[in-house]
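Chemist: here's a sequence, model it:
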Amino acid sequence: MKCLLVASESAELLFYSTDQEFEQNLQEQYGLTDEGHKPPAFEDSISTRFAPIIISCSSMIDRIDDCYTSFTTESNHIYVLHQFDEALYIAVNGDGDEKDEDLRRKIYVMKKLMEVHFGVVTLSGTLLKRELRPHDTVQRNRLWRKLRGLLGTYSQLREQDQSFLVEAVERLIHPTLCEQCIEFLERRLVHQINNSMERAGEEVLHAFILVHTKLLAFYSSRNASTLTSSDLLALILMVQNRYPSSELEDQLSEHVENTSVPEVFYTPEPSPTEGSSGAGNGEESPIFQFVDPDIQMAEDSLQTLEVPPPDPANPSRVFLEATIKEGFCPMMPHSMYSLQLWPGITLVLLTKIPSSQVAISIYFFLDTLASLEKRLSEGGEGSSALRSPPPLQDLRSKMDKFIRALSGSDVQTSQLQNTWTEFKNKAFSRGGPGISKELLPWCRNMKTQLCGVYRQCFVMESAENTQRLAPSLQERSLALVQEKLEDWKDFLLVKKFPGLIHFIYVDRTAGQMISPSFNVTDHSTSELGKGPLAHFIKSKVWSLVGTTRHFLQKGYTTATFRDGDYYFCYFLWFENETGYKLDVIDIPILPDDSAPIGMLAWDYYRKLLRYYSKYHHGEAVKCYELLTMHLGVIPSDYVLQHCCQLARKLWEPSRIPLL
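Modeler: Down below sits the predicted model:
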């Protein structure tokens, strides 16, 4: 029994996703009355079920600025709660499949997905409420179905895919082919698109090729910001949601049968009628129709799935972290083109849109106002509030220029102009209160209006249709890549060591991993084969990852232990750029209710690298993890020796410049 819900402080339902068992439980609780009246609508029932919890949380936050984070009911249902600004996330499990940490991770991943889809709008509770709960019922059902599809895809990937288990991008290791593909992306594909007159002002910043969830090649243009591992994982999740691999397709088909959703996963459906609910894919329509039906993938090892080609549509608007010469923006708008070369192989293009400078300016203003708001809340008034860079005079001149520049566009800026005029009258005029706490409401109003302009420019449906690469340009790009990859062969994995059953090697600096294939479905290939033994070993590996995260949370970077007939090892270590292992230091111990360790739910490893780098000034610090599973009959000395040799053998392939 599973449920994830997002609600406002006033207990208004903003989003929910449930399985069939949870829905049946609600129907039993709010079934037919003795008078024979019809039961309430499902949305009303779920609101009634959670209203006391939401109201109690809001009251506790208002009175003591704190709230409980989890509890277990008498029926052993686990509830995990987390407040992000004005939105309360609640995750529930009643079948014992998920623990507190699993539910907390799901909440953080859901928040990440909303940031990728709505950008800076997530910083405004009022505007986020409009996006998550639009007045139009059809539009709301379409959006909720899309978010449910992403959540369902994530849950399935985390259960079956190692890259989402350890939250690192898995790479296909074939140095020659990888380098050829990177060179091809740079010199032919990206060059051709960015020099074409049909690109409508868009510029390709990143291009990469996926084989299911694995990364074959990645190229970034010279003026592009680094794509973070967290964002890349989110994009891979979105691609899998649109074009699921064969194994995931089967699992999701089974999942559909156990949910309350009549729609089929990942199949474009007509717009839902009012009152419909479900957890389908939720894409309005997939992106491109480009695959010649006569083209078939000759590579049997890919285990690809024949799916109907999607209808042509606009690209997806995604919001990703970017640091460029013009400034920093944690949620920079990009256009994402997902072009399926063959079932199971996808080309993804991320483009910069012409109006992206507006996003940088808006984030600069939001950051400046947030700093001022914090200083005023802490009691810093008058001249002390002006001493922190950048000063308000700089904000004043830049905001005036920004509003004047927007006035010549189609963006509605009247409300922003009026709020800014009132802000200036309060802050700078002789008759106003000046830089004091009385300015706090106007800071919040300004932030809301800025987020509203951002929403107009980048989030609303009309904004998503302003630019796009011409269909003919997309088709030519697809033909180029298909020609390049048509004859490619199997990828080779690192040979195993005697007694070594499985390993996962992760470069946490780059957020990438290397591991033998691990598929246990009847029609998939795997280094472990298939059947009960493969399933048993898979469950052991998944359990091992959870155990190692618990050790990390408690401050341990090395662990070795036996479990029946198996011997497990875990190592986390730091190196400099030449591969020299750096000294071990004590890492921070995290509280039990901290964000889950990972890179998609929370970028724990980036913060850990910053912490360790304080002790090695001026030196590039790298972080690595290795998990191994050996037969228990292998002596421990040999196991540790194997781990050292394996890490050295994998060190060179991990240096392939994919990112």
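Chemist: what about I46, helix or strand, and which?
Modeler: helix 42-64 (DSSP states H and E).
Chemist: give me the buried positions along that helix.
Modeler: 42, 45-47, 49-50, 53-54, 57-58 (16 or more other C-beta atoms under 10 Å). From N, CA and C alone the C-beta is placed, and that goes for glycine too.
Chemist: may I see the buried residues of the strand ranked longest in the chain?
Modeler: For the chain, the strand with the greatest residue count under DSSP state E is strand 327-342. Buried residues in strand 327-342, defined by neighbour count with 16+ other C-beta under 10 Å: 329-342.
Chemist: quick check, nearest of those to Q20?
Modeler: Minimum distance to Q20 across these is 29.8 Å, recorded for S338 (C-beta to C-beta).
Chemist: what bridges to the closest one?
Modeler: For S338, the beta-bridge partners under DSSP bridges are V348.
Chemist: the helices in the stretch 501-650 of the chain, which residues?
Modeler: 532-553, 604-613, 636-651 (DSSP state H, counting those that start in this stretch).
Chemist: E438: which of these is closest?
Modeler: Among those, helix 604-613 sits nearest to E438 (C-beta to C-beta), with 36.6 Å.
Chemist: re earlier: got the helices of the stretch 501-650 of the chain as JSON lines, with distance to F568, mean neighbour count and mean pLDDT columns?
Modeler: Listed next are the helices of the stretch 501-650 of the chain as JSON lines, based on distance: least, C-beta to C-beta, whole Å; neighbours: other C-beta atoms under 10 Å; pLDDT from 0 to 100:
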{"stretch": "helix 532-553", "distance to F568": "5", "mean neighbour count": "16", "mean pLDDT": "88"}
{"stretch": "helix 604-613", "distance to F568": "21", "mean neighbour count": "16", "mean pLDDT": "91"}
{"stretch": "helix 636-651", "distance to F568": "9", "mean neighbour count": "15", "mean pLDDT": "76"}
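Chemist: and these: which comes nearest K112?
Modeler: Closest to K112 of the helices of the stretch 501-650 of the chain, according to C-beta to C-beta: helix 604-613, at 13.3 Å.
Chemist: may I ask which helix or strand of the protein has the lowest mean pLDDT?
Modeler: Lowest by mean pLDDT, DSSP states H and E among the helices and strands of the chain is helix 246-257, with a mean of 54.
Chemist: now the helix or strand harbouring E179 - C-alpha only, PDB.
Modeler: Under the criterion of DSSP H and E, E179 resides in helix 175-184. Taking C-alpha atoms only, helix 175-184 is exported to PDB below (Å, rounded to 0.1, in the frame of the first residue of the first chain):
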ATOM      1  CA  PRO A 175      37.300   3.200 -25.400                       C
ATOM      2  CA  THR A 176      37.600   3.100 -29.200                       C
ATOM      3  CA  LEU A 177      33.900   3.300 -29.900                       C
ATOM      4  CA  CYS A 178      33.300   5.900 -27.100                       C
ATOM      5  CA  GLU A 179      36.000   8.200 -28.500                       C
ATOM      6  CA  GLN A 180      34.700   7.800 -32.000                       C
ATOM      7  CA  CYS A 181      31.200   8.700 -30.900                       C
ATOM      8  CA  ILE A 182      32.300  11.700 -29.000                       C
ATOM      9  CA  GLU A 183      34.300  13.000 -31.900                       C
ATOM     10  CA  PHE A 184      31.300  12.400 -34.200                       C
END
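Chemist: so which elements touch that helix?
Modeler: For helix 175-184, the elements it packs on are strand 214-220, helix 471-485, judged by 3 or more C-beta pairs under 8 Å, 6 or more residues apart in numbering; DSSP states H and E.
Chemist: can you tell me which helices and strands the longest one packs against?
Modeler: Think helix 471-485. When contacts are defined as 3+ C-beta pairs under 8 Å, 6+ apart, helix 471-485 packs onto helix 175-184, helix 191-194, strand 327-342, strand 345-352.
Chemist: residue ranges in this structure under the pLDDT threshold?
Modeler: Residue ranges of the chain with pLDDT under 70: 31-40, 174, 246-314, 379-391, 430-435, 462-467, 487-498, 518-531, 633, 651-659.
Chemist: does the closest residue to L395 other than its chain neighbours sit in a helix, a strand or a coil?
Modeler: Leaving aside its sequence neighbours, L395 sits nearest to T368 (C-beta to C-beta, 6 or more residues apart in numbering; 5.2 Å). Secondary structure, DSSP: H, G, I helix; E, B strand; the rest coil: T368 is helix.
Chemist: what's stretch 401-412 in contact with?
Modeler: Outside stretch 401-412, the residues that touch it by C-beta atoms under 8 Å, 6 or more residues apart in numbering are 358, 361, 365, 413, 416-417, 420, 453, 456-457.
Chemist: ok, now with 7 Å
Modeler: 361, 413, 416-417, 420, 453, 456-457 (C-beta atoms under 7 Å, 6 or more residues apart in numbering).
Chemist: how many neighbours does the residue lying closest to R562 once chain neighbours are set aside have?
Modeler: Among residues not flanking R562 along the chain, G632 sits closest, at 5.8 Å (C-beta to C-beta, 6+ apart). Using other C-beta atoms under 10 Å, G632 has 14 other residues around it.
Chemist: what about the longest strand of the chain, distance to the chain center?
Modeler: Computed by C-alpha atoms, centre = their mean, to the nearest Å, the separation of strand 327-342 from the middle of its chain amounts to 12 Å.
Chemist: chain neighbours aside, what residue packs nearest to W542?
Modeler: Closest to W542 by C-beta to C-beta, 6+ apart is L165, at 6.2 Å.
Chemist: rewinding a little: packing partners of the longest strand of the chain?
Modeler: Other elements packing on strand 327-342 under the criterion 3 or more C-beta pairs under 7 Å, 6 or more residues apart in numbering; DSSP states H and E are helix 229-242, strand 316-324, strand 345-352, helix 356-377, helix 471-485.
Chemist: right, so of the ones you listed, which gets closest to D565?
Modeler: Here helix 229-242 is closest among the helices and strands packed on strand 327-342 (C-beta to C-beta), at 33.4 Å.
Chemist: dump that closest one to PDB, restricted to CA.
Modeler: C-alpha atoms of helix 229-242 as PDB (Å, rounded to 0.1, in the frame of the first residue of the first chain):
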ATOM      1  CA  SER A 229      25.300  14.100 -12.400                       C
ATOM      2  CA  SER A 230      22.000  14.800 -10.500                       C
ATOM      3  CA  ASP A 231      20.500  16.500 -13.600                       C
ATOM      4  CA  LEU A 232      21.800  13.900 -15.900                       C
ATOM      5  CA  LEU A 233      20.200  11.100 -13.900                       C
ATOM      6  CA  ALA A 234      16.900  13.100 -13.900                       C
ATOM      7  CA  LEU A 235      17.100  13.400 -17.700                       C
ATOM      8  CA  ILE A 236      17.900   9.600 -18.100                       C
ATOM      9  CA  LEU A 237      14.800   9.000 -16.000                       C
ATOM     10  CA  MET A 238      12.700  11.200 -18.300                       C
ATOM     11  CA  VAL A 239      14.000   9.400 -21.400                       C
ATOM     12  CA  GLN A 240      13.200   6.000 -19.800                       C
ATOM     13  CA  ASN A 241       9.800   7.200 -18.900                       C
ATOM     14  CA  ARG A 242       9.200   8.100 -22.500                       C
END
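Chemist: good, we can wrap up now.
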